[in-house]
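A.B. asks: Turn this into a model:
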Amino acid sequence: MSEQQQPELTEEQKQQRDIQWQRECFQNAQKHLAEKGIIPNAVIDKDSRFLAPACAVWKMKAQNGKTYWVITGQLPTDHVEVVAATTARAAIKHFSYQWQLKADAILANAGHDQSQAQFANLLINRAHGLYDIAENDQLWVNEAS
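C.D. replies: Alright, predicted model coming up:
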């Protein structure tokens, strides 16, 4: 049996796919904050970063007067107050470190709970991926230090 080749996407199709991905990530970010009791009212586009299809990092102002970094994509959605990081790149590093710490704590207390161990391993895997993204200077050439 031969595998069917997928047709190449046109530039317009790629752009539409990326717009749809970004919209889904934005909806996930809003939903995540709402579930935490935080109502976002503005996105700071100039500070947000989109690395499709891996992750999006949103800088969002909330009705409570605070500003947050929210990370979404092919990883757990998470947030942190903006005081933890000054740039999207620094926020990605922050999430990477925090997920490593969370994973260590989960593994230390998981006992024989396979689902907890699997989640901890997912966090470790995604934390390593985030660290690699943050360390890739080519991805951050347009970000102010």
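
A.B. asks: show me what contacts Glu143?
C.D. replies: If you count contacts by CB atoms under 8 Å, 6 or more residues apart in numbering, Glu143 has them with Arg49, Thr87, Ala88, Arg89. Placement of C-beta: from N, CA and C, glycine included.

A.B. asks: In those residues, find the pair that's most separated.
C.D. replies: When CB to CB is used, the two most widely separated members of these are Arg49 and Thr87, lying 8.7 Å apart.

A.B. asks: on that earlier part again, just the contacts of Glu143: which are in helices?
C.D. replies: Filtering those for membership in helices, criterion DSSP state H, returns Ala88, Arg89.

A.B. asks: from the contacts of Glu143, which is closest to Lys61?
C.D. replies: Taking CB to CB as the measure, Lys61 sits nearest to Ala88 out of those, at 15.1 Å.

A.B. asks: Please work out how many residues are found near the closest one.
C.D. replies: The tally of other residues near Ala88 (other CB atoms under 10 Å) stands at 23.

A.B. asks: Tell me who's in contact with it.
C.D. replies: By CB under 8 Å, 6+ apart, the residues touching Ala88 are Asp47, Ser48, Arg49, Val57, Lys59, Trp69, Glu143.

A.B. asks: Can you verify the last one is assigned to a strand?
C.D. replies: Read that as Glu143. No - per DSSP: H, G, I helix; E, B strand; the rest coil, Glu143 lies outside any strand segment and is coil.

A.B. asks: Now the residue most central in space within the chain: phi and psi?
C.D. replies: With distances taken as CA atoms, centre = their mean, the chain has Ile71 as the residue nearest its mean C-alpha position (2.9 Å). Dihedral pair for Ile71: phi -110, psi 130, per degrees, to the nearest 10.

A.B. asks: Please consider this matter closed, and thank you.
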